[in-house]
Structures are given as structure tokens and as C-alpha cells.
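Novice: I'll drop the sequence and a predicted model, then ask my questions.
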Protein chains: 4
Amino acid sequence: MKSIMEKKLQGEISDITRHHLENFYKDNPFPEVIGLHIENIEYGSVTMRLDVRHDLTNFYGIAHGGVAMSLADTAMGATCLSCNKKVVTQALNYNFIRAAVEGTRLIATGRVIHNGLKTMVCETEVKDEEGELYGKATGTFFVIGAFDGK
Amino acid sequence: MKSIMEKKLQGEISDITRHHLENFYKDNPFPEVIGLHIENIEYGSVTMRLDVRHDLTNFYGIAHGGVAMSLADTAMGATCLSCNKKVVTQALNYNFIRAAVEGTRLIATGRVIHNGLKTMVCETEVKDEEGELYGKATGTFFVIGAFDGK
Amino acid sequence: MKSIMEKKLQGEISDITRHHLENFYKDNPFPEVIGLHIENIEYGSVTMRLDVRHDLTNFYGIAHGGVAMSLADTAMGATCLSCNKKVVTQALNYNFIRAAVEGTRLIATGRVIHNGLKTMVCETEVKDEEGELYGKATGTFFVIGAFDGK
Amino acid sequence: MKSIMEKKLQGEISDITRHHLENFYKDNPFPEVIGLHIENIEYGSVTMRLDVRHDLTNFYGIAHGGVAMSLADTAMGATCLSCNKKVVTQALNYNFIRAAVEGTRLIATGRVIHNGLKTMVCETEVKDEEGELYGKATGTFFVIGAFDGK
């Protein structure tokens, strides 16, 4: 049986969406504060990375849980945008699997598992560059319109 | 029937835990970056607040989802600490209910709903000063030891 | 500060909704199979109970996790109905806190924490008759229409 | 980068675990009541199926949400067992994606994404025989011992 993971979502990113994602930091303060970078943009899958700098750690010397969740939420939200859907996050569930020490480069690739007219569901793993798993998120999104306004 | 919400957890905060919570910012970079403040410390319930400054917003002009989740995670984690338990977050579920515009003061009071030897469950609402609800979180925690090392 | 828990949702249950809830088992096979009973109906809060019979247990001799989640899902769904909203569950998060042995009477009272036009968020504790907590659920719901068809 | 999904967990199912899983219905009432069948057992991945019979539906004529969650919980729990870990479910998050009408055959294959000494994290999709996605679950588990008692 073909896994949902292997299925490619069909579609094309609109120009306005690509332009927006490529200018991700413009008027987008918090992602800039924590150093979120877009690595790759595809229809239905956006990859972001974040380096665990000292200012993103907690008193255990590891990435604060909120940092990992911020990365996951943003990667999944941008993944919805890549499908030309403007969304708000309704609910996010995050499983913490491994502590990310200072210096770790975290990478999250959003995946759409439900692309409805009114709601979307996405998921993302949070991994390092060797592919070790640090966390797993699932997000429930409400579609408020087309991203390009059409 | 008496609600779990009305039940008071029995216990006393150890001196070392109180000292730590009162020096919350010491060697705790990310909470300081986003401006988390401790408002109140009780056994089984710690209240934190955070002002939605411009640098905590996203391109919609509202608090980034990761900011609200950081507040909730920290309030619940500190609530575990108040029971003299050193914990790691295993899983966090967050429901976003209302968008917090710049200038909103968000307040989260952690509550213990399960205080086990090996695991804890906490929850918190995220509200503004008028008591309006912005989000609701539930956290699953693994106990790695006593906070005061005894 | 007044807690959201203490706030009463304003509104009245429509006749058609009350009639439906009072005839809960009509054409509703699975709730009947597991013996779900409605204990109380209020606007924004429906209470259900379920006795942990032998056929609802697993090989550990305790209520199967799916039974507790079925109770929680139904109590929250009926709570949405009590607000005259026809909904589908989008996401449900459940924390298991205590094992329910055969013979336990489990009780769940749904509570609305967000009553939006398009989405709702509910929560419920699952307790026994002494008020001991067995589990806690949060549900995210999509509103597909008014329950009474108006 | 190699996906976690493609990584095979290393290990072998102990004889006692395989024997137990092959006698899944023995003293296991609720899974028998709802007609859960084991389709396949591998180390770190157990597949279960369930036919949406009339008695598993709700008044909308579709599988009750609790039925889908029961399938997911059991498939993930059995997946933990296949790694020779006796576990209790701490938390389960379920996203409902598509309604399963009467007659649908639902299939869930558990996958381990974290195989720790003290905790495990699993996930499962719930699909039909054509591979259409009906739901997605993530489970957080606490390890209470080796399944074979060694």
C-alpha cells in the first residue's frame, strides 16, 4: 500500500506566495529574532532551519521547548502558504524526543496530510543535519482564504 | 462533586526551589529574550506573564504562535518545579483561541492535574488581564528527579 | 481574576436539540454498545457517564483507552450540540491519568472554552463518582451548521 | 537526508511477545467487541484492521470517533509490545481527516519514532485499503517493564 508520506501533493506555488516566502523576514519580527531560515520551498512542503544559539537555550543549556515548537509551527504554517492557503493554527501537538544542545542545527520540513477547503492538517519532524529526530509535531489549521487574495 | 480545579494540592515549596524560581533569569537565556516574568509562586501553581512586544509578533501583527506556546510550556514546567520535581516536557498540546495583538499582556497560571512519582500532567490557560482566553495548553512531563537534589 | 471555568456561557438549548439529546440512543449504535448515558444537559455543558463493564476492558483488566476517549469525545460533541452547533471533531488530545478497573463509573462533563462561529474548543475531565481524575481531554471542533437546521 | 520513516528499527520480537500478540483476543474483551484484527507483526511495527460495522457508527452513519481512536491506540500499544516493552498510554493526539462510512475497512500500522528506556513515542495513520487517509495519531507511552518479564 502506498504510504501517504510518499504521495506528492499536486499543485503549483503561486508567484505571490513564492515572493512572500522568499521575503519571509519582511515585517515578520519573531522568526527573525530566533533566526528561522527557509531552506526549501515546494508546493505542500516547506523546509526551515534554526541554529540553537545560546540565547535560545534554557537553564539546562538546551533549546527551550518553545523554540522547537516555534520552528515546527512556522514550518507547518509556511507549508500551508505554499498551497496558497492563508491559515491560522487552531491546535498544535508536539512530542519532545531529544534535547537539542547549543550549536545544534534544527531542521523542520512541513508536510500536508490533509488539504481541505476549510481546514488543513500538517505534520513535521524536527531533526538535525544527521537526520536524528528531536521532535514531532502535528498541526490543525483553519483556512481563512487564498494567500494570493484571488 | 468537587471539581479537580477547586482541589488544592498539598505541599510546601522547598527553599532551593523557591530560590531558583526567584532567580528565574539567571542562566536562563530564552525566557529573558522573550520577557517572561514570574508573577506568583505557589506549591502546584506558578503564574507567568509576558507582554506581546513588537519583536514577538509575526507578519499578521499578532503574537507568534511559538511565543504563546513558550509562555505555556514555561509556566507549566515551573509549576512542576514548585512541587520540587525536576521534569522534562514529553508532549505539549496547545489550542489557539484568540489572536494576541501587540501590547497584550498574556498571563498563564500552571495547574497540576496529575502529580505522579514518575510523570506529571499540567494544564494552563493563557489569558489577558481582563481574563479573556487566548489559548489552552496541556503538558505531559517526565520526572527526572527531585529539584532540590535530595 | 475570574476564571474561564467559572464563567457561564449564555444561551438556551433549542427544543430540537434537547429533543435529540434526550433521544440520544435513537440511531446511534456505538454509544449504545458501550453504554453511554446522558446524566445532565445544560447549554454549554453536557454530562455523560459510562460503567466500565467487563466487555470494555483490555487484557490488563482495566478500561481500554479507546473507551475513555469515546466517552470524552461524545461528552464534548454533545456539549457542542447543546449550543445548537452541529460539529465534527477535528482533533482530540487525551491524557490518561489513572487506570479505571472493571466496575468503575466514569463521568465526563463537557465544557466549552471557545464558542466560535466556525470552530469550537471544548474540554472535559473524566472522573469517577468520588471526583477522582482518570483523564483529561481537549477537543477541537469544526462547525458545519446549526443543529436545528435554522 | 534519510527520513525517520525509512529507518528500520533494529531488533527481534521475543517469543513470548509474539505468542501474546498472536493470541491477542485472549482475555482482551474490548478489542474483540469492536472486531480489531492483527494483520501483521514486525519488530517496531504492528498493523491492525477494523471493519466499520453498523454497531460501530454514530447517528451520522459514520464510524464513531472513539472507534478510530481505539484502533489507533491499540495499534500503537501493540507496536510498543513488539519491541518487548510493556507500556501504558500517557497521552494520545488524534486528527480526524475523513469520515469512515459503514463498510469501510480501516487499517492502522503503528510506527515507533522514539524507543527510549523509560518512554516511547509512536504514530499511526488510519487508512482504508486504497490508502486514503482517515486519521493520524501520535501516542506518548510510559514503559513499565519488559513484556517478557526478563
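Specialist: Right, received. Where do you want to start?
Novice: tally of neighbours for A:Asp15?
Specialist: 9 (other C-beta atoms under 10 Å in any protein chain shown). All C-beta spots, glycine's among them, are computed from the backbone N, C-alpha and C.
Novice: again, but for A:Val126
Specialist: 29.
Novice: which residues touch it?
Specialist: By C-beta atoms under 8 Å, 6 or more residues apart in numbering or on different chains, the contact list for A:Val126 reads A:Ala68, A:Leu71, A:Ala72, A:Leu106, A:Ile107, A:Ala108, A:Leu133, A:Tyr134, A:Gly135, A:Lys136, A:Ala137.
Novice: go again using 10 Å as the cut-off
Specialist: Going by C-beta atoms under 10 Å, 6 or more residues apart in numbering or on different chains, A:Val126 touches A:48, A:50, A:63, A:67-69, A:71-72, A:75, A:94-98, A:100, A:106-109, A:132-137.
Novice: which pLDDT value does the model give it?
Specialist: Looking at A:Val126, its pLDDT stands at 98.
Novice: got it, and A:Gly149?
Specialist: As predicted, A:Gly149 sits at a pLDDT of 60.
Novice: now swap in A:Met69 and tell me
Specialist: Per-residue confidence (pLDDT) for A:Met69: 98.
Novice: got the contact list for it?
Specialist: A:92-94, A:96, A:126, A:135, A:137, B:65-70, B:72-73, B:89, B:92, B:94 are the contacts of A:Met69 under C-beta under 10 Å, 6+ apart.
Novice: report how many residues lie close to A:Tyr60.
Specialist: Neighbour tally, A:Tyr60, other C-beta under 10 Å: 13.
Novice: follow-up on the earlier one: which among the contacts of A:Val126 end up buried?
Specialist: A:48, A:50, A:63, A:67-69, A:71-72, A:75, A:94-98, A:100, A:106-109, A:133-137 (16 or more other C-beta atoms under 10 Å in any protein chain shown).
Novice: next SSE after the lengthiest helix in chain A?
Specialist: Determined from DSSP state H, the single longest helix within chain A is helix A:65-82. Next helix or strand after helix A:65-82 toward the C-terminus (DSSP states H and E): strand A:85-96.
Novice: what's the angle from the helix or strand following that next one to strand C:85-96?
Specialist: Scanning forward in sequence from strand A:85-96 by DSSP H and E, the next helix or strand is strand A:105-115. Taking axes from the mean of the first three to the mean of the last three C-alpha atoms, to 10 degrees, one finds that strand A:105-115 is oriented at 140 degrees with respect to strand C:85-96.
Novice: strands paired with the next helix or strand after strand A:105-115, and their directions?
Specialist: Remark: after strand A:105-115, the chain's next helix or strand is strand A:119-127, criterion DSSP H and E. Strand pairing for strand A:119-127, using DSSP bridges, gives strand A:105-115 (antiparallel), strand A:133-146 (antiparallel).
Novice: turn these into TSV, including mean pLDDT.
Specialist: Formatted as TSV, those follow (pLDDT from 0 to 100):
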stretch	mean pLDDT
strand A:105-115	98
strand A:133-146	96
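Novice: out of those strands, which comes closest to D:Gly44?
Specialist: strand A:133-146 (13.9 Å; C-beta to C-beta).
Novice: next up, the contacts around the residue lying closest to A:Tyr43 once chain neighbours are set aside.
Specialist: Spatial nearest neighbour of A:Tyr43, chain neighbours left out: A:Gly11 (4.5 Å); criterion: C-beta to C-beta, 6 or more residues apart in numbering or on different chains. If you count contacts by C-beta under 10 Å, 6+ apart, A:Gly11 has them with A:Glu42, A:Tyr43, A:Gly44, A:Ser82, A:Cys83, A:Asn84, A:Val112, A:Asn115.
Novice: OK, contacts around A:Thr119?
Specialist: A:85, A:87, A:90, A:140-143, C:88, C:90-91, C:118-119, C:140, C:142, D:95, D:97.
Novice: how much space between the spatially closest residue to A:Ser70 that is not a sequence neighbour and A:Thr89?
Specialist: Sequence neighbours aside, B:Gly66 is the residue nearest to A:Ser70 in space, at 2.5 Å (criterion: C-beta to C-beta, 6+ apart). Using C-beta to C-beta, to the nearest Å, B:Gly66 is found at 10 Å from A:Thr89.
Novice: need the overlap of contacts for these two.
Specialist: By C-beta under 10 Å, 6+ apart, the residues touching both B:Gly66 and A:Thr89 are A:Asp73, A:Thr74, B:Tyr94.
Novice: near chain C, from those residues?
Specialist: B:Tyr94 (C-beta under 10 Å from any C-beta of the partner chain).
Novice: make JSON lines from the shared contacts of B:Gly66 and A:Thr89 and add distance to chain D and pLDDT to it.
Specialist: Listed next are the shared contacts of B:Gly66 and A:Thr89 as JSON lines, based on distance: C-beta to the nearest C-beta, whole Å; pLDDT from 0 to 100:
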{"residue": "A:Asp73", "distance to chain D": "15", "pLDDT": "98"}
{"residue": "A:Thr74", "distance to chain D": "19", "pLDDT": "97"}
{"residue": "B:Tyr94", "distance to chain D": "11", "pLDDT": "98"}
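Novice: tell me how far the residue nearest to A:Tyr43 lies from chain B.
Specialist: Distance, A:Gly11 to chain B, by C-beta to the nearest C-beta, to the nearest Å: 23 Å.
Novice: backbone dihedrals for that residue, both of them.
Specialist: With angles defined as degrees, to the nearest 10, A:Gly11 sits at phi 150, psi 170.
Novice: who touches A:Tyr60 in this structure?
Specialist: Going by C-beta under 10 Å, 6+ apart, A:Tyr60 touches A:Ala99, A:Val101, B:Asp27, B:Asn28, B:Lys86, B:Val88.
Novice: try it again at 6 Å.
Specialist: Neighbour list for A:Tyr60: empty [criterion: C-beta atoms under 6 Å, 6 or more residues apart in numbering or on different chains].
Novice: report pLDDT for it.
Specialist: Per the predicted model, pLDDT is 89 at A:Tyr60.
Novice: backbone dihedrals for it, please?
Specialist: Here is the backbone geometry of A:Tyr60 (degrees, to the nearest 10): phi -90, psi 0.
Novice: interface residues of chain A facing chain B?
Specialist: A:27-30, A:33, A:54-59, A:64-66, A:69-70, A:73, A:89, A:91-96 (C-beta under 6 Å from any C-beta of the partner chain).
Novice: in the strand or helix carrying A:Thr17, what counts as buried?
Specialist: Per DSSP H and E: A:Thr17 is located in helix A:15-22. Buried residues in helix A:15-22, counted by 16+ other C-beta under 10 Å: A:Thr17, A:His20, A:Leu21.
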